[in-house]
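S.K.: kindly generate the corresponding structure for this input.
(2 chains)
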Amino acid sequence: MSKRSVADLKIGERAIIRSFNDQLMSLKLLEMGCLPGAEVCLHCKAPLGDPICLNVSGYCLSMRRSEAATILIDN
Amino acid sequence: MKTSPVIALVGNPNAGKSSLFNQLTGLRQKTGNFPGVTVDKKSGPWSIDAHTEAIVVDLPGVYSIYPKSLDEQIVTDILANPEHPDYPDVAVVVVDASNLRRNLLLFTQVADLGVPVVLALNMLDVAQKQHQEVNAVRLAMRLGVPVVRINARSGEGLEPLKKAVVTQLNAPALPRQLFFDPAEQVGELIADTKGSYQLENNYLALQYVIQHDGFSFLDQQQRRGLDRIIDRYQFREPEFQASETITRYQRIADVMADAVVDRRPIDQPTWSQRLDRILLHPVWGYAIFGFIMLLIFQAIFAWAQPFMDAIDSGVAWLNGTLKEQLPEGPLTDLLTDGVLAGIGGILVFIPQIAFLFFLIALLEESGYMSRVMVIMDRIMRKFGLNGRSVVPLISGVACAVPAIMATRSIGTRRDRLITILVTPLMSCSARLPIYTILIALVVPKQQVLGFFNLQGLALMGLYLLGLVSALLSAYVLKLVLRSKERSFFIMELPTFKLPRWNHVGLTVWESVRSFVWEAGRVILAISIVLWVLASYGPGDAIEQAENRVRQQNPGLSGESLDNQIASQRLEASYAGHFGHFIEPAIKPLGYDWKIGIALLSSFAAREVFVGTMSTIYSIGSGDDDGTTIRERLLTERNPDTGGPMYTPALSFSLLVFYVFAMMCMSTLAATQRETRSWKWPAVQLVYMSILAYVAAFLTYQALS
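M.R.: All right, here's what the predicted structure looks like:
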């Protein structure tokens, strides 16, 4: 079973954060409210599909696709 | 209570911290530096009772006590160091009630450090519109600190805030227990650290352990001691920090469940989100951004023109009047041609800078600037830059000094360094007068394709040349400067808001003031030095030159005699000698000694170029509109060929030279301050000079 990450979400799709695969990046993401168990929703993408904008814990957070790929989600 | 207690404002970006600061201090605020660093420190007095005036310090916005960029470092540096001169007696933590969960993370960290706090609950109206009810009393009970409801925009709730602050000052009340106590998990490590460093607070001890490399107040020995403690207990910092954040959020969720009623409808996009769909759209996003850029250029070049003309003629008038009124002599000359000409050269840029910062402040206030960073990040990344580099690059069109200061928000050191190094390649407003005169000289005033002005196109070409070279240089620097540090771009997209006009006004005022003061001093000093170099020569060479003119041209009189004399005196002066000295080096670019003097004089500030040219070609003072310079340059003959001196080859070579050349002392000083090293301004000076020389050489050789 391949693990999906936030980078694989389609616009409007929701998912629950399960874990992170990059420790240093996870410190920054945790502080911004991307917590295991929290729901995220891909709100929109910049032109060229990168960076992306997520709705998480009640606000809008933008990050690069490479950073989103470190957030693993439940299938 | 102390006579002038320090009150720090702490909070997330966009939580309303600056609004509150402006409400409390108004126009009495001032901008300075935090000791030892160049991060802007805004502070101002706030009368909290009849006898006491507190000092309010606005700290940079942060998301947590663990810093991600240079701006953020200062917050931790102050709050973890009670010896710091800006260490607050009370910290007012401003939180956005509509985004309470994330805002409370920082609050709980600040409270745990042992600083007496007041929680200022802001933006309750926004929360209410989103169907969230925040119960301030319950929040205060659960957190164990005073909570005040405020509206930082309208100024409601300032009296209760003042009361709460005074109460905390008189009898600081700390929560009974830490919100997150590290000793629960690593008790021995904390006890050891507290013992070795005489600390009272468990959470502060944890910060010593995790952040000691960033704390400027610890010396080498103390840092090594902390490294040993980490080794002894095999403490794993990232794991612990991650679990701290998760634990805090879990406890915050408990508090929220008790104090907040959230009836937000699921799945309903807010109007901010709907707007984002357009502003980040692959086609519309760039189209709108392009249109706004066009508007900014229009403002800088067209709307600012009447104001600049007015300042220009005002200074010229004052100069003329002073010359008539004051007795003739070197002092009068110094005052008019040296000092006043220098001041005029500074003042004339005020309209452009004001317009630029007015528009940039509007974009930032409304929240659009973060969208620009998002749509530009991918492109910028290709060149070793960052989405956040967009603001410095745009600001660079007005002046590189504030632009370089604006790079502080870029968290990655390498991205920030590259941005600083390439920003001066953006054509700043000081280059504009040079461009204008030289273009008028060689590009015909002609319409092409019906509505484009050929001169306008040439001007745009020069700006594009600057932009393209900035991007390419960034690309080269990206290959040269290797870094283990990873670039990142995790950024909150704030909701769209109406601009706060007092903020916009303050930003414009602040940028104009600092330009006049910071850049002004340098330009003024150089003008005076240049005036001396151009007025005096070795021995009596200057007098001899003057006598020679009088003997050789007995028929001349009046203004043309004065002009001839001025020209010969200049050639005999120190500046003239220098011009002749460097002539061999600049000959391949097509320049003669006169242009050499102009290059020398504008070495420290390029805006001096035009003034020097008028002195060299001895055009009577007061002719500042450029037409006379243009006519004079057109008639200048090349002594070697007999043809016109200012051929297209030479003019374009000079234009290209000024696009690339690092001729601005203020910018180098800014780079030195921001990088805290002499290496990077030196690198900047060398690479841009080489670029300018080579490009000008190629241009001249290709066209002549």
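S.K.: mind naming the longest helix for chain B?
M.R.: Secondary structure of chain B per DSSP state H: the longest helix is helix B:454-480.
S.K.: how far does that helix sit from its chain's centre?
M.R.: 20 Å (CA atoms, centre = their mean, to the nearest Å).
S.K.: now do stretch B:653-668
M.R.: Distance, centroid of stretch B:653-668 to centroid of chain: 19 Å (CA atoms, centre = their mean).
S.K.: same question for stretch B:657-674.
M.R.: Distance of stretch B:657-674 from its chain centroid, counting by CA atoms, centre = their mean, is 13 Å.
S.K.: end to end on that stretch, go ahead and measure it.
M.R.: One end of stretch B:657-674 sits 26 Å from the other (CA to CA, to the nearest Å).
S.K.: may I have the beta-bridge partners of the residue of the stretch 351-500 of chain B at minimum distance from chain A?
M.R.: Per CB to the nearest CB, B:Leu493 is where the stretch 351-500 of chain B lies closest to chain A, at 4.1 Å. Any C-beta I mention is one placed from the backbone N, CA and C, and that applies to glycine too. Per DSSP bridges, the residues bridged to B:Leu493 are A:Cys60.
S.K.: correct me, but it touches A:Ser62?
M.R.: Yes: between B:Leu493 and A:Ser62 there is a contact at 5.3 Å, judged by CB atoms under 8 Å.
S.K.: more neighbours: which of the two?
M.R.: Using other CB atoms under 10 Å in any protein chain shown, the more surrounded residue of B:Leu493 and A:Ser62 is A:Ser62, with 27 against 24.
S.K.: residues from chain A in reach of chain B?
M.R.: By CB under 8 Å from any CB of the partner chain, the residues of chain A that approach chain B are A:23-33, A:35-36, A:43-48, A:50-51, A:53, A:55, A:57-64, A:67.
S.K.: still on that earlier bit, do you know the pLDDT at the residue of the stretch 351-500 of chain B closest to chain A?
M.R.: Looking at B:Leu493, its pLDDT reads 88.
S.K.: same question, B:Ser560
M.R.: pLDDT recorded at B:Ser560 is 69.
S.K.: and the next helix or strand past the lowest-mean-pLDDT helix or strand in chain B?
M.R.: In chain B, the helix or strand scored least confidently by mean pLDDT, DSSP states H and E is strand B:30-33, which has a mean of 68. Later in the chain than strand B:30-33, the nearest helix or strand by DSSP states H and E is strand B:40-47.
S.K.: the most centrally placed residue in chain B and B:Ala8, how far apart?
M.R.: The C-alpha lying nearest the average C-alpha coordinate of chain B belongs to B:Pro402 (CA atoms, centre = their mean; 2.6 Å). Between B:Pro402 and B:Ala8 the distance is 25 Å, computed by CB to CB, to the nearest Å.
S.K.: also B:Ile420?
M.R.: Taken as CB to CB, the span from B:Ile420 to B:Ala8 is 29 Å.
S.K.: what is the subsequent helix or strand relative to the helix or strand of chain A with the lowest mean pLDDT?
M.R.: Lowest on mean pLDDT, DSSP H and E among the helices and strands of chain A sits strand A:39-45, with a mean of 88. Next in sequence after strand A:39-45, counting helices and strands by DSSP H and E, comes strand A:52-56.
S.K.: re the thing from before, ok, now which ones touch the residue of the stretch 351-500 of chain B closest to chain A?
M.R.: Residues near B:Leu493 by CB atoms under 8 Å, 6 or more residues apart in numbering or on different chains: A:Cys53, A:Tyr59, A:Cys60, A:Leu61, A:Ser62, B:Asp276, B:Gly367, B:Ser370, B:Arg371, B:Val374.
S.K.: just curious, which of those residues is nearest to B:Thr245?
M.R.: A:Leu61 (15.1 Å; CB to CB).
S.K.: apart from its chain neighbours, what residue comes closest to that closest one?
M.R.: A:Leu54 (5.1 Å; CB to CB, 6 or more residues apart in numbering or on different chains).
S.K.: please report how far that neighbour lies from B:Val372.
M.R.: 19 Å.
S.K.: bridging residues for the residue nearest to A:Leu61?
M.R.: With DSSP bridges as the rule, A:Leu54 is bridged to A:Leu42, A:Leu61.
S.K.: the residue of the stretch 351-500 of chain B closest to chain A and A:Gly33: what is the separation?
M.R.: B:Leu493 is 13 Å from A:Gly33, where distance means CB to CB.
S.K.: same question for B:Arg381.
M.R.: Separation of B:Arg381 from A:Gly33 (CB to CB): 24 Å.
S.K.: have a look at these two and say which one is more surrounded.
M.R.: Set B:Arg381 next to A:Gly33 and count neighbours by other CB under 10 Å: A:Gly33 wins out with 23 against 20.
S.K.: thought that one was touching A:Val56?
M.R.: Yes: if you go by CB under 8 Å, A:Gly33 and A:Val56 touch, sitting 5.6 Å apart.
S.K.: much appreciated, bye for now.
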